[in-house]
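A.B. asks: Fold the following, please.
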Amino acid sequence: AQCLGLRLDAFELHVRTRLEAVEDAVLGRGEALKALLAQTQDDVEALVRRDHGALRAEWRAALEEEQRRGTERAQALGRTIGKELEQSILSEAITDLRAEAAQSVHAEVAALREDLERRFEGALAAVAVA
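C.D. replies: Alright, predicted model coming up:
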């Protein structure tokens with residue numbers, strides 16, 4: 001019986017040793033999994049930061065390009081409006097000058113007509129007296 005007790009004690013010691021070894025292996029794997037998870041999180045964060053930086057640079061470039069195009073469109077619109085305004089001012093000035101010239105010519109023609117009528121009446125009066 002004592003031999004059986006010693007064998008059971010040895011078996012229990014062997015089972016405990018194996019169980020502790022399995023527990024150590026499981027804990028070791030748990031630690032390895034924690035380390036792997038931490039590394040994976042770090043890798044994912046690094047990728048997100050990199051992609052975020054690249055996306056930010058891409059957006060910034062696109063916004064700068066759109067701003068440049070907007071500036072060019074505004075300048076072109078300014079030039080077009082300037083030309084149209086210049087043409088409108090010139091057209092109005094020409095119309096005003098034509099009106100003034102026509103009025104001046106009309107006044108001169110009226111003055112010449114009056115002068116001719118006076119001269120004609122004077123010449124008729126001189127003929128009638130003679």
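
A.B. asks: average pLDDT across the strand or helix carrying E108?
C.D. replies: E108 is part of helix 2-129 when elements are defined by DSSP states H and E. Averaging the model's pLDDT scores along helix 2-129 yields 89.

A.B. asks: ok now it, how far from the chain's centre?
C.D. replies: In terms of Cα atoms, centre = their mean, to the nearest Å, the gap separating the centre of helix 2-129 from the centre of its chain is 0 Å.

A.B. asks: That helix - contacts with which helices or strands?
C.D. replies: With contacts defined as 3 or more Cβ pairs under 8 Å, 6 or more residues apart in numbering; DSSP states H and E, helix 2-129 has no packing partner among the helices and strands. The way it works is simple: take the backbone N, C-alpha and C, and place the C-beta from them, glycine included.

A.B. asks: E31: how many residues sit nearby?
C.D. replies: Counted with other Cβ atoms under 10 Å, the burial measure for E31 works out to 10 neighbours.

A.B. asks: Check K83 too.
C.D. replies: 10.

A.B. asks: mind listing what it touches?
C.D. replies: With contacts defined as Cβ atoms under 8 Å, 6 or more residues apart in numbering, K83 has no neighbours.

A.B. asks: From E121, how far out is it?
C.D. replies: Separation of K83 from E121 (Cβ to Cβ, to the nearest Å): 56 Å.

A.B. asks: same thing with A35?
C.D. replies: In this structure, A35 and E121 are separated by 127 Å, where distance is defined by Cβ to Cβ.
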